[in-house]
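A.B. asks: Curious how this folds, go ahead:
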Amino acid sequence: MRRLPVVFGLVAVGLVVVTAMVSLAWTPYDPGAIDPAARLAPPGWPHLLGTDTFGRDTLSRLMAGSRICLLVGVVSVAIAAVAGVPLGLVAGMTRGVVSRLVLRATDLLYAFPAILVAMLLAAAFGGSTLTGMAAIGIATVPVFTRIARAGTLTVMSQDYIWAARASGTTWPAIAARHVWPNIAPLVGVQASVSFGMAILAEAALSYLGLATPPTTPTWGRMLYDAQAQLFNAPLLTLWPGAAIVVAVLGFNVLGDGLRDLLDPRLREVV
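C.D. replies: Got it, this is the predicted structure:
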């Protein structure tokens, strides 16, 4: 039963990844092609999921939007992990002023959610996919910092760390040989969960016009465009909403399942 969430998460994530890979080579129609004659066509043939207000094929736009979804997730989580994990290691392996400074800096970042950071970056550089990824990544740095610090503190309390120090092993060597291999599963689980949250944040930013430009199909922008036809064509809101739910739920469930499998304290006792 412990493997069921992992299987479900892998299936949902795999569906999103396969869709994005296929869309790189093929979509039923050009996602940006406007066809006034096919405006608001219901699901059927040849538009399997119908068309939007401008006659654009909904299925093609969903497939193209999955690319942005994965791109934002990968880049924003990479930004957060690359910046947050070293800070967590430093805060967990040191004491005194350095550790307190790192923690206070992360507390300061907590005061700036992704939407606020995106608004600041959009005002300075203009709304784009890059500013959206940067905003989500910066807002997620404190999460990785605290996860890495908590894991580091646990590892540093072990006897083999004292033995390593007694044998003359340097702090960087301890971090590379002992601390990082032990906290890597924690970071991996958090990366999976943060990936889902990044997808949700990108959808919100695109909906507000603070991330990907309107000319690029994204699930959040599709929701924004569909709200004007909520009563005339309610399915236009269903498709991108369902895609966001599947992607976010898949990554979250995958992260929870990996945590149950990798954390020995949560394993079932046979």
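
A.B. asks: Look through the chain and tell me its longest helix.
C.D. replies: Under DSSP state H, the helix in the chain containing the largest number of residues is helix 58-93.

A.B. asks: So for it, what gets flagged as buried?
C.D. replies: Neighbour-count burial for helix 58-93, counted by 16 or more other Cβ atoms under 10 Å, picks out 58-70, 72-73, 75-77, 79-81, 83-93. C-beta here means a position set from N, CA and C on the backbone, and glycine is covered the same way.

A.B. asks: next one: stretch 115-134
C.D. replies: Quick answer for stretch 115-134 (16+ other Cβ under 10 Å): 115, 117-119, 121-122, 127-129, 131-134.

A.B. asks: now do stretch 43-51
C.D. replies: 47, 49, 50, 51.

A.B. asks: among those residues, which two are most distant?
C.D. replies: Within the buried residues of stretch 43-51, 49 and 51 form the most distant pair, 8.4 Å apart (Cβ to Cβ).

A.B. asks: Overlap in contacts, the two.
C.D. replies: 57, 58 (Cβ atoms under 8 Å, 6 or more residues apart in numbering).

A.B. asks: which other residues reach the host helix or strand of residue 98?
C.D. replies: Assigned by DSSP states H and E, residue 98 belongs to helix 97-110. Applying Cβ under 8 Å, 6+ apart, the external contacts of helix 97-110 come out as 87, 88, 90, 91, 92, 138, 139, 141, 142, 145, 146, 149.

A.B. asks: Work out for me the element the residue lying closest to the fifth one once chain neighbours are set aside sits within.
C.D. replies: Setting aside the residues directly before and after it, residue 92 is nearest to residue 152 in space (Cβ to Cβ, 6 or more residues apart in numbering), at 2.7 Å. Secondary structure assigned from DSSP H and E places residue 152 in helix 129-156.

A.B. asks: which helices and strands sit right next to that helix?
C.D. replies: helix 58-93, helix 97-110, helix 114-125, helix 180-208 (3 or more Cβ pairs under 8 Å, 6 or more residues apart in numbering; DSSP states H and E).

A.B. asks: Would you format those helices as TSV with mean pLDDT and distance to residue 37 included?
C.D. replies: Below are the helices and strands packed on helix 129-156 laid out as TSV (pLDDT from 0 to 100; distance: least, Cβ to Cβ, whole Å):
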stretch	mean pLDDT	distance to residue 37
helix 58-93	94	16
helix 97-110	88	50
helix 114-125	81	36
helix 180-208	90	28
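
A.B. asks: Minimum distance to residue 29: which of those has it?
C.D. replies: So among these, helix 58-93 is nearest, using Cβ to Cβ, at 4.6 Å.

A.B. asks: what angle separates the closest one from helix 114-125?
C.D. replies: Orientation of helix 58-93 against helix 114-125 (axes from the mean of the first three to the mean of the last three Cα atoms, to 10 degrees) gives an angle of 100 degrees.

A.B. asks: hang on, residue 46 is in a strand, isn't it?
C.D. replies: No. Looking at residue 46 with DSSP: H, G, I helix; E, B strand; the rest coil, it is coil, so not inside a strand.

A.B. asks: from memory it sits against residue 28, does it?
C.D. replies: Yes. With contact defined as Cβ atoms under 8 Å, residue 46 counts as touching residue 28 (7.5 Å).

A.B. asks: residues in contact with residue 191?
C.D. replies: 77, 81, 255 are the contacts of residue 191 under Cβ under 8 Å, 6+ apart.

A.B. asks: Let me know the closest of those residues to residue 40.
C.D. replies: Closest to residue 40, out of all of the contacts of residue 191 and judged by Cβ to Cβ, is residue 77, at 36.8 Å.

A.B. asks: Next, find the distance separating the closest one from residue 188.
C.D. replies: Using Cβ to Cβ, to the nearest Å, we find residue 77 at a distance of 11 Å from residue 188.
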